[in-house]
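K.L.:
take this sequence and fold it.
(2 chains)
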Amino acid sequence: MESFVFYIFAFMVVAGGWVVIYSNNLIYSAFSLLFTFVGLAGLYGLLMADFIAATQILIYAGGVLILLLFGIMLTARKTSIEITQSNLPRLPGAIISSLIFLLLMVVIFSEPNWNSATNPGVKETVPVIGKLLMTKYLIPFELASILLLAALIGSVFIARREDS
Amino acid sequence: MLTDIAIIITKIMIVIGGTFTAVAYLILAERKVAGFVQERYGPNRVGIWGLLQPIADGVKTMLKEDITPAKANRIIYHLAPAMVLAPALVTFAVVPFGSGIDAFGRHIAFQIADINIGILFIFAITSIGVYGVVLGGWSSNNKYSLLGGVRSSAQMISYELALGLSVVGILLLTGSLRLNDIVEAQIGMWNVFRQPVAFMIFLVAVFAETNRLPFDLAESEQELIAGYHIEYSGFKYSMFMLGEYSNIITASALIVTLFFGGWTVPFIDVTKLGHLGAFLSVVSFAVKTGFFLFLYLWVRWTLPRFRYDQLMHLGWKILLPLALLNLLFTAAWITYV
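P.N.:
Numbers count the residues shown, from 1 in each chain, chains lettered A, B, ... in the order given. Sure, this is the predicted structure:
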């Protein structure tokens, strides 16, 4: 049962990713990214990481991707040129993605303490995550928020500049 | 195992059937209320007091021609109505609509899925609901529908922040994201008395999230004709309507769950009354939800529409800072008092 659900989500992720890369239509690319995000959230859910699953959808599908679609929709029709994407630099792409794959594999196999049926991990993830963010990982957490704040102010500054 | 699956399927059928029936009669109620507010009768030809009108409407939309604009983007145009309806129905999966009963040798909660991150799940799924609106508006290849879609998504994204932040105060008080914990923490004292500011923010934001008057700029018939679903006809149009009204029902249910004690009954402990208690809890939940559904209709036929800049001003410059202040105050209260 669980592996069946896993394959559904895995198929969503892979098929979505495939369309993102190989579709010439930018809207289809952006739209199928939604399936990748939702599938990933499902995989997180299967791994008992319910908080990560919900935030994945909330931030990536509900925030980032909508803004992407927004940008494409508002510009594509205005210029009456179909925006297309091409995937010319294939060799560098292949090298970079295989390096990332290697790195992930090293990390995955060097960590012995993964959750499993015999080692089910924590039952409620939210309190644990909250406590860790406020104690052990406080500095990275604050650094990330400062980075986001800087990005926010920067984007407002760039968007405003033409007015004055 | 088999009994468990049967119970889950029954619950899903009850919730979906209940939602659809409620939607049908909500639409009738809307037209009736509109009639009374404007000193008309409203629909009164089909059945006694117009009670069979939803069935007639349903048959009508199914029999109408299904038009696809010639230059529409076909795949997305056909997908968009489902993208509106599906999230609207999924959200209700985590809302507890009663206390639950003991039957078949186990405790059956009146809730499809009791997950730890209930409230977060609801926000996540609602944020997906924007897609149907945006893509429907874009793919019909019509400038009015595109404008409607863009407006609506900008509005929904803006008010999601105030919506989320207003609930954090309650989460601080309850210490849990589970909706059942939030309901049980309200026995004896509803959250609306503990967090009145949060309730006001939540109420306004939820009206904006569901694209209802006074924030129905996505539709605003005078300028955009109907907004994002202007090119849709037949049953696809009804799917948009079903999604929209299901959202209203879920929103009302959520207001009740978060601020008005959910299925709890004032002064009576329903968990000790067995099956009668379970029945009372469902009735209590339905009555409270019904009141907020009526509030939706009442507001729609009372208030005029906001201008777009007013809407953004209210969302970003009033509700968001207010929600942050409320959060700060609640946190300080919990820490120091």
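K.L.:
measure how buried B:G18 is and give me the count.
P.N.:
Neighbours of B:G18 under the rule other CB atoms under 10 Å in any protein chain shown: 14. No exception for glycine: its C-beta is placed from N, CA and C like everyone else's.
K.L.:
and for B:T271, the neighbour number?
P.N.:
Neighbour number of B:T271 under other CB under 10 Å is 15.
K.L.:
do the one 4 residues further on as well
P.N.:
Using other CB under 10 Å, the number of residues around B:H275 comes to 10.
K.L.:
what's the answer for A:G71, then?
P.N.:
12.
K.L.:
quick one: mean pLDDT over the helix or strand it falls within.
P.N.:
In this assignment (DSSP states H and E), A:G71 forms part of helix A:65-76. When pLDDT is averaged over helix A:65-76, the result is 79.
K.L.:
CA atoms only: put the longest helix seen in chain A into PDB for me.
P.N.:
Using DSSP state H to define each element, chain A has its longest helix at helix A:138-160. Extracted in PDB, the C-alpha atoms of helix A:138-160 (Å, rounded to 0.1, in the frame of the first residue of the first chain):
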ATOM      1  CA  LEU A 138      19.200  29.900  15.800                       C
ATOM      2  CA  ILE A 139      22.000  31.700  13.900                       C
ATOM      3  CA  PRO A 140      21.400  30.000  10.500                       C
ATOM      4  CA  PHE A 141      17.700  30.700  11.000                       C
ATOM      5  CA  GLU A 142      18.300  34.400  11.700                       C
ATOM      6  CA  LEU A 143      20.800  34.700   8.800                       C
ATOM      7  CA  ALA A 144      18.200  33.200   6.500                       C
ATOM      8  CA  SER A 145      15.600  35.800   7.600                       C
ATOM      9  CA  ILE A 146      18.000  38.600   7.200                       C
ATOM     10  CA  LEU A 147      18.800  37.400   3.700                       C
ATOM     11  CA  LEU A 148      15.100  37.200   2.900                       C
ATOM     12  CA  LEU A 149      14.500  40.700   4.300                       C
ATOM     13  CA  ALA A 150      17.300  42.100   2.200                       C
ATOM     14  CA  ALA A 151      15.800  40.400  -0.900                       C
ATOM     15  CA  LEU A 152      12.500  41.900  -0.100                       C
ATOM     16  CA  ILE A 153      13.800  45.500   0.300                       C
ATOM     17  CA  GLY A 154      16.000  45.100  -2.700                       C
ATOM     18  CA  SER A 155      13.100  44.000  -4.900                       C
ATOM     19  CA  VAL A 156      10.900  46.900  -3.700                       C
ATOM     20  CA  PHE A 157      13.800  49.300  -4.400                       C
ATOM     21  CA  ILE A 158      14.300  47.900  -8.000                       C
ATOM     22  CA  ALA A 159      10.600  48.000  -8.700                       C
ATOM     23  CA  ARG A 160      10.200  51.500  -7.400                       C
END
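K.L.:
about what we covered before: give the next helix or strand downstream of the helix holding A:G71.
P.N.:
With elements assigned by DSSP H and E, the helix or strand that comes after helix A:65-76 is helix A:90-110.
K.L.:
pull out the buried positions in the helix or strand just after that next one.
P.N.:
As assigned by DSSP H and E, the chain's next helix or strand after helix A:90-110 is helix A:125-134. The neighbour-count check on helix A:125-134 (16 or more other CB atoms under 10 Å in any protein chain shown) flags A:125-126, A:129 as buried.
K.L.:
per-domain residue ranges of chain A.
P.N.:
Per automatic domain parsing, the structural domains of chain A span A:1-81, A:122-164.
K.L.:
of the ones you listed, flag the one that's most buried.
P.N.:
Of all the domains of chain A, domain A:1-81 has the most neighbours on average by mean count of other CB atoms under 10 Å in any protein chain shown, namely a mean of 17.
K.L.:
run the chain-centre distance for that domain.
P.N.:
Offset of domain A:1-81 from its chain centre (CA atoms, centre = their mean, to the nearest Å): 8 Å.
K.L.:
between the domains of chain A, which gets nearest to B:S153?
P.N.:
Evaluated over the domains of chain A, closeness to B:S153 peaks at domain A:1-81, with 6.1 Å, by CB to CB.
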